[in-house]
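Asks: here is my input, please return the structure:
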Amino acid sequence: MKRHSVLSGLCQLAILSLLALLASTATAQVTSGTLYGTVKDPSGAYVSNAKVIAHSDTVGAERTVTTNDHGDFVVPNMPPSTYTLTIDAQGFKKLTAKGIVLSAADKLNAGEYTLEIGGTAETVTVSADAGQLQLQSNSGERSDLITSKQLNDVALNGRNVLDYMKLIPGVSGMVDGHASGTGGIDSFNVNGTRSNQHEFTIDGASNVDTGNNGGTHVTINPDAIEEVKILTSNYQAEFGKAAGGQVAITTKSGTNRWHGNGRFFHRNEGLNANEWFNKQNQVLNGDKNNPYIYRYNYVGYQIGGPIKKDKLFVFWSQEFYRQLIPIGGTTQFYTPTALERQGDFSQSVDGNGKPIVIYNPNTGLPFAGNKIDPTQLTAAQQAVFTNVSKMLSLYPAPNVPGFGSNGFDYNYSTSLSYSNPRREDILRGDWQVNANNRLFARWIHNSDNLQAPFSTGGLGAVDCLAAINFPGGCIQSHPGWNLSVNLLTTIRPNLLNELSVGPSVTKSLVTGAKGNISLAKNGVTLPLLYPSDTLPDLGFEGLDNTNFGWSYLGPCPGVRRIRPSI
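Replies: Numbers count the residues shown, from 1 in each chain. Sure, this is the predicted structure:
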């Protein structure tokens, strides 16, 4: 079974953002922000034609603009960073404002700056007004920002950044981020919109699986995230595609200083208090080889820095997720007994303790002794009987006594976990080509090889389907990658062009483990309507007050049928 979806088909391809620097408005992309401000003289009059330079010491980004007749300036499409503004005008002292923090998708009013009379050789240094910067006066959107410091200071189960959605005003729902994995974008609602109406971008490239609008192609660990901008309403026109909220992630880049870290996260069921019901289920299970196991070991590292100061930067991150994840709760169902697997139903009862009767399909009469006699079957029926007996041997043996007499509607009970090792690779490069061109490219690759144990139903978002009903379980490979390339060009002082390309891909391939569901390995020769090299699905029905956990056929009271279904 193979599912292949390609998302963001070259998202934001060839976007021309015409930015009128001499006007009072400008357009930003999700990977960048815009600075606004006003320059005045000591009397309060506007200062026109003042040169304003915005420079980041960490990522080397710089742009020069001039004020208009009303003293206003706009510095558009700048990468998220902390900036220093230098304002220079004839007849006034040079003014330097430090500590201006610009976030992704910001339209930030940096405030009013008053120049002092004097020569340009003199410099006045001021600190940015934090209160002024917090005022959102140039945009009407409702948004929230999660910084890298907040991401580092708060521990997250599963290292899933979407868990933070629980803390955003206007958001309802619950993201299940207890383990690392893709998905979760449809686990919440923003201001009453539908849960499948969100957009989720990484450096401007969409990360939403449009096959269901609920899955994602890749994960990204919190240590590799610079910030998360969440827009919940009234956001700007450049944010399209989705009627719900917009989750925009900006990844970390290299800076003018080398930085790195290593980390290890460990979780174990032995560190948790076990609740009463879990203990009871384990006693009821009686299977000491299948305890309720809960093991997480996440190891990661990253490093970033300059190849050439102010010009070329690189960032690299890897995260390895080793996970043994509980399916959740106790799995209970009816499984064929040793005699039933041989066609002997002389000891079989339904969930009410009432004996059941097996009929000869050729005569309509009960089999003698309630045992299937192969000699009374046709050659074709004997082949089906032989093959179904082989397939029944794949199911686990009963481990709970008293079915049909103690009120149990099952004879098997277990608590299981499944293995889901994952790997995450992130590479990013930033290049200040020259004063008019800045380029970055970022690539994320995920590998995911889930191996699920025997189970009677699905594993939530896991697509192992019927394959998990057999010993050894199934393996689901779920590779994905996300690429973002962005080129920002200053054509002339009042004309910019931002080109973004963002393909994103995911695949899903489900198969048995080590050939465990192959016809040949299990000696099954059952003719199939649609030829295949894997076992057909097997469904059960027909016993009153009985939990057939894997059954998808409608009940037929009083008659028990065991038949393969394609």
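Asks: strand partners (parallel or antiparallel) of the helix or strand G262 falls within?
Replies: In this assignment (DSSP states H and E), G262 forms part of strand 259-268. Strand 259-268 sits in its sheet next to strand 295-308 (antiparallel), going by DSSP bridges.
Asks: now do the helix or strand following the partner strand: distance to the chain's middle.
Replies: Following strand 295-308 in sequence order, the next helix or strand is strand 312-326 (DSSP H and E). Distance of strand 312-326 from the chain centroid (Cα atoms, centre = their mean, to the nearest Å) equals 14 Å.
Asks: what's the answer for stretch 515-523, then?
Replies: So, by Cα atoms, centre = their mean, the centroid of stretch 515-523 is 34 Å from its chain's centroid.
Asks: would you mind measuring the gap between the ends of that stretch?
Replies: Terminal residues of stretch 515-523 are spaced 12 Å apart (Cα to Cα, to the nearest Å).
Asks: what comes up buried for stretch 106-114?
Replies: Buried residues in stretch 106-114, defined by neighbour count with 16 or more other Cβ atoms under 10 Å: D106, K107, L108, N109, A110, G111, Y113, T114. In this view, the C-beta of every residue, glycine as well, is placed from N, C-alpha and C.
Asks: cool, and stretch 346-366?
Replies: S348, V349, D350, G351, I356, I358.
Asks: just stretch 368-377 next, same as before
Replies: Quick answer for stretch 368-377 (16+ other Cβ under 10 Å): N370, I372, L377.
Asks: per-residue pLDDT, the closest residue to the second one other than its chain neighbours?
Replies: In space, not counting the residues next to it along the chain, I372 is nearest to G343; the distance is 3.4 Å by Cβ to Cβ, 6 or more residues apart in numbering. The confidence metric pLDDT takes the value 93 at G343.
Asks: contacting residues for G343?
Replies: K371, I372, P374, F385, S389 (Cβ atoms under 8 Å, 6 or more residues apart in numbering).
Asks: try it again with 7 Å
Replies: K371, I372, F385, S389 (Cβ atoms under 7 Å, 6 or more residues apart in numbering).
Asks: distance of G369 from L339?
Replies: Distance of G369 to L339, computed by Cβ to Cβ, to the nearest Å: 11 Å.
Asks: closest one to V510 out of the buried residues of stretch 368-377, please.
Replies: For the buried residues of stretch 368-377, the minimum distance to V510 (Cβ to Cβ) is 33.6 Å, reached by I372.
Asks: surely that closest one meets Y359?
Replies: No: between I372 and Y359 there is no contact, the gap being 9.9 Å when judged by Cβ atoms under 7 Å.
Asks: and the closest residue to F92 other than its chain neighbours, its phi and psi?
Replies: Nearest non-adjacent residue to F92, counting by Cβ to Cβ, 6+ apart: L115, 3.8 Å away. Main-chain dihedrals, L115, degrees, to the nearest 10: phi -90, psi 150.
Asks: quick check: closest non-adjacent residue to W481.
Replies: Closest to W481 by Cβ to Cβ, 6+ apart is H445, at 4.6 Å.
Asks: that neighbour touches N482, doesn't it?
Replies: No: counting by Cβ under 7 Å, H445 does not reach N482; the two are 8.3 Å apart.
Asks: what about these two, which has more around it?
Replies: Neighbours per residue, other Cβ atoms under 10 Å: of H445 and N482, the larger number sits with N482, 28 against 16.
Asks: hang on, that one in a strand?
Replies: Yes: according to DSSP: H, G, I helix; E, B strand; the rest coil, N482 belongs to a strand.
Asks: what pLDDT does the model give it?
Replies: So N482 comes in at 95 (pLDDT).
Asks: same deal with D537?
Replies: If you check D537, the pLDDT there is 70.
Asks: need phi/psi at it.
Replies: Dihedral angles of D537 (phi, psi; degrees, to the nearest 10) stand at phi -70, psi 150.
Asks: how close does it get to V384?
Replies: 15 Å.
Asks: next: P527.
Replies: The spacing between P527 and V384, counted by Cβ to Cβ, is 9 Å.
Asks: can you check G404 too?
Replies: Applying Cβ to Cβ to G404 and V384 gives a distance of 27 Å.
Asks: out of the two, which sits in the more crowded spot?
Replies: More crowded of G404 and V384, by other Cβ under 10 Å: G404, with 22 against 16.
Asks: what strand or helix carries that one?
Replies: Residue-wise, G404 maps onto no helix or strand under DSSP H and E.
Asks: who are the contact partners of it?
Replies: Shown in contact with G404 (Cβ under 7 Å, 6+ apart): V349, D350, G351, N352, G353.
Asks: make CSV from the residues you listed and add pLDDT to it.
Replies: What follows is those, written out as CSV (pLDDT from 0 to 100):
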residue, pLDDT
V349, 91
D350, 89
G351, 89
N352, 88
G353, 89
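Asks: closest to I185 out of the residues you listed?
Replies: Distance to I185 across these (Cβ to Cβ) is lowest for G351, with 41.1 Å.
Asks: next one: phi and psi at the nearest residue to that closest one once chain neighbours are set aside?
Replies: Among residues not flanking G351 along the chain, N545 sits closest, at 2.9 Å (Cβ to Cβ, 6+ apart). Per-residue torsions, N545: phi 50, psi 50 (degrees, to the nearest 10).
Asks: where's N545 relative to T330, distance?
Replies: From N545 to T330 the distance is 19 Å (Cβ to Cβ).
Asks: correct me, but P326 touches R295?
Replies: No: the criterion here is Cβ under 7 Å, and P326 misses it with R295 at 9.7 Å.
Asks: low-confidence stretches in the stretch 251-400 of the chain?
Replies: 272-275, 277-292, 328-329 (pLDDT under 70).
Asks: same thing but 80
Replies: Along the stretch 251-400 of the chain, segments meeting pLDDT under 80 span 269-294, 326-331, 394-395.
Asks: what are the boundaries of the helices in it?
Replies: 276-285, 379-392 (DSSP state H, counting those that start in this stretch).
Asks: one step back: between the contacts of G404, which sits nearest S56?
Replies: When those are compared against S56 (criterion: Cβ to Cβ), the nearest one is G351, at 70.2 Å.
Asks: shouldn't that closest one be in contact with F548?
Replies: No: G351 is not in contact with F548 according to Cβ under 7 Å; the separation is 10.3 Å.
Asks: report pLDDT for the residue nearest to W481.
Replies: At H445, the model reports a pLDDT of 97.
Asks: got the residue ranges for the helices in the chain?
Replies: Taking DSSP state H as the test, the helices found in the chain are 130-134, 148-153, 276-285, 379-392.
Asks: and stretch 427-444, what's buried?
Replies: R428, G429, D430, W431, Q432, R438, L439, F440, A441, R442, I444.
Asks: so in terms of bridging, what pairs with the third one?
Replies: In this case it means D430. Here D430, judged by DSSP bridges, has bridge partners F313, F440.
Asks: i'd like the first residue to be 41 from this point on
Replies: With 41 as the first residue, the last one maps to D470.
Asks: picking that back up, confidence score at the residue nearest to F132?
Replies: pLDDT, read off for L155, is 93.
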